[in-house]
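*Asks:* model this:
(chains A and B)
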Amino acid sequence: MKKKTSIGRIILYGILSLYALITLIPFLWALSSSFKPLSEIVSGAITFIPENFTLDNYRQIFIEEELFPRWMFNSVFIATVGTGLNLIFNSMAGYALARLSFPGKKGLFIIILAVLMIPAQVTMIPNYLILREFGWLNSYQGMIVPSMINATFIFMMRQFFVNFPKELEEAAAIDGLSRIGTFFKVVLPLAKPALAAQAIFVFMGFWNDFMRPLIIMTDSSMYTLPLGLNTFKGQFVSYWNYIMAASMVFTLPVLVIYAFFNKYFIKGLSLTGGK
Amino acid sequence: MSRKYSRKKLQEAGQGYFFMSPTLFVLACFILGPIFYAVFLSFHNVRLLGETAFNFVGFANYERVFDDRRALIALWNTFKYVIIVVPCQTVLAIVLAATLNAGMKGEKFFRIVYFLPTLTSSAVLTLIFMWMYNREGLVNFGLESLGLPTYDFIGDPNVALTAIMIMNIWATAPFFMVIYLAALQDIPDSLYEAAELDGAGPIRKFWSITVPHLKPITSFVVIMGIIGTFQLFDQSYIFSGGSGGPDNSTLTVVLLIYQYAFKTMDTMGYATAIAFMLAIVILVATLLQRKFSKEENLY
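*Replies:* Reported below is the predicted structural model:
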């Protein structure tokens, strides 16, 4: 009996390790290529440890493509501001839908649920024309304002506030705090776990978005990282050492965020996925 | 008394609208407004150069799809993609989650490793895979050393879409795995213990306890998978440099919409009509799936 379970364990570890390897190989291969000189890339030799280890690629990409720092800034700016606005506005809407009564609330809630079902492609073309009318093409607000709320997270925040203890707000009201003051000073600080989970997903959504900047940003100095990376690949078609180095630079920030907020990821997933 | 009450109510309504105001603004300007605008566009021929002009064409944009060879190819490619990728990624996700949940040491390590693709942007992943799919790249090297035939994954129309499918199954399965993992924690251990007493092996336990308990989550995962795969764009855009090639083999419906809307002249209305048809296809697929899984739940 005991022996059987240990064989079972070996099989399980076998499956887990095999899949870990399948997951890691592309990343290791990319990382290794980013440290190889071009001569080693074109030679077609398959080695995971670079024979002539070099950091040149990481230096060179910033010299060859002077817009890299700009793309980095654009991505960081759009993702940070966009996430900040989402956190405030989604929470406000979720709170109103959970706590306050006002005419049209039920209809609004249904509309928000329905919006979840509409694929982005339907609104993409009219949105382009509207942004053009506003003069917001090629601008940060063109990327941020249409996405400064998110139906999924409004819904999630509503669920969170429905279960939020009312007594705290009542105590704050007795202390003479207005409803709006209560929300920002008492309720929001206590919603931190829900906000953290939301922040990660919204940030990643902005950070990795490819299609919207592709449509909105026509001037290369306004590109975000994914778009810039794609252009860079077009210019340096067979310089895979550069392309991989650039890819690694762009992946690092998200990995760092993940390392810090690991536990909120899982929590956030069960919040969004557990409907 | 009643005046005071209604005043309080009025105040609360005011606060409600204040809290909702950013949402209302975006809903009106960038979601609901555009939907009506899209309906309008889909019945018109849109000219953007010079003076913007709209010509009413009735249902012509919708009818045009059926005579458009590229639209039919895009639909067929997307359909193949959904039919293959959704079941594969769902099965892989459930197997990985069940394996990871078996109470092994180092679970945390594996979980972090498996999650890496979810964190990486589609642009980066596609570039990494294009490098691996290279004629003399890592994948062909692996195939060759196993004695298997090699392929020109990026240039050969027969395998290009398959290459994207493999990449995406690899990239999205871990995301759904994490959703399954959360659900697995809710299955009581006593069920497994009872099954063990009855002499059930691990595979039997997986089929008779794990799979049935995960049915509601599977339904959710499949729906999310259908919605996601029907909207495939980034990967085929980067893979083919925006063309959908080689020989239209990586052309998807969304890539076609993008091309008609922003790359060719005077076809914006037509692109909007295709977008509506895609939305309806996704909606029908979702409803069918939901109905299908509900009927099964009755037993």
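
*Asks:* relative to chain B, which residue of chain A is the closest?
*Replies:* A:F102 (3.2 Å; CB to the nearest CB). (C-beta placed from N, C-alpha, C; glycine too.)

*Asks:* relative to B:I83, how far out is that residue?
*Replies:* Here the criterion is CB to CB, to the nearest Å. By it, A:F102 lies 46 Å from B:I83.

*Asks:* and the two? Which one has more around it.
*Replies:* Per other CB atoms under 10 Å in any protein chain shown, whichever of A:F102 and B:I83 has more neighbours is A:F102, with 19 against 12.

*Asks:* which stretches of the stretch 51-200 of chain A form helices?
*Replies:* A:56-64, A:68-99, A:105-115, A:120-134, A:140-144, A:151-162, A:166-174, A:179-182, A:188-190, A:192-208 (DSSP state H, counting those that start in this stretch).

*Asks:* how about the ones you listed in JSON lines, adding mean pLDDT and mean neighbour count?
*Replies:* Output for the helices of the stretch 51-200 of chain A, formatted as JSON lines (pLDDT from 0 to 100; neighbours: other CB atoms under 10 Å in any protein chain shown):
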{"stretch": "helix A:56-64", "mean pLDDT": "89", "mean neighbour count": "16"}
{"stretch": "helix A:68-99", "mean pLDDT": "94", "mean neighbour count": "21"}
{"stretch": "helix A:105-115", "mean pLDDT": "91", "mean neighbour count": "15"}
{"stretch": "helix A:120-134", "mean pLDDT": "93", "mean neighbour count": "20"}
{"stretch": "helix A:140-144", "mean pLDDT": "96", "mean neighbour count": "20"}
{"stretch": "helix A:151-162", "mean pLDDT": "91", "mean neighbour count": "21"}
{"stretch": "helix A:166-174", "mean pLDDT": "84", "mean neighbour count": "12"}
{"stretch": "helix A:179-182", "mean pLDDT": "88", "mean neighbour count": "16"}
{"stretch": "helix A:188-190", "mean pLDDT": "89", "mean neighbour count": "12"}
{"stretch": "helix A:192-208", "mean pLDDT": "86", "mean neighbour count": "21"}
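
*Asks:* which ones are touching the residue of chain A closest to chain B?
*Replies:* A:96, B:12-17, B:20 (CB atoms under 8 Å, 6 or more residues apart in numbering or on different chains).

*Asks:* buried subset of those residues?
*Replies:* A:96, B:12-13, B:15-17, B:20 (16 or more other CB atoms under 10 Å in any protein chain shown).

*Asks:* which pair in those residues spans the largest distance?
*Replies:* B:E12 and B:M20 (12.4 Å; CB to CB).

*Asks:* pLDDT weak spots in chain B?
*Replies:* Counting by pLDDT under 70, chain B contains low-confidence ranges at B:1-5, B:294-299.

*Asks:* what does the stretch 51-200 of chain A put close to chain B?
*Replies:* Counting by CB under 8 Å from any CB of the partner chain, the stretch 51-200 of chain A comes close to chain B at A:85, A:88-90, A:92-93, A:95-97, A:100-103, A:105, A:108, A:111-112, A:115, A:117-130, A:145-146, A:148-149, A:154, A:179-180, A:183.

*Asks:* let's go with 7 Å and repeat that
*Replies:* Within the stretch 51-200 of chain A, the positions near chain B by CB under 7 Å from any CB of the partner chain are A:89, A:92-93, A:95-96, A:100-103, A:105, A:108, A:111, A:115, A:117-119, A:121-123, A:125-127, A:130, A:146, A:148-149, A:154, A:179.

*Asks:* kind regards, and thank you for your time.
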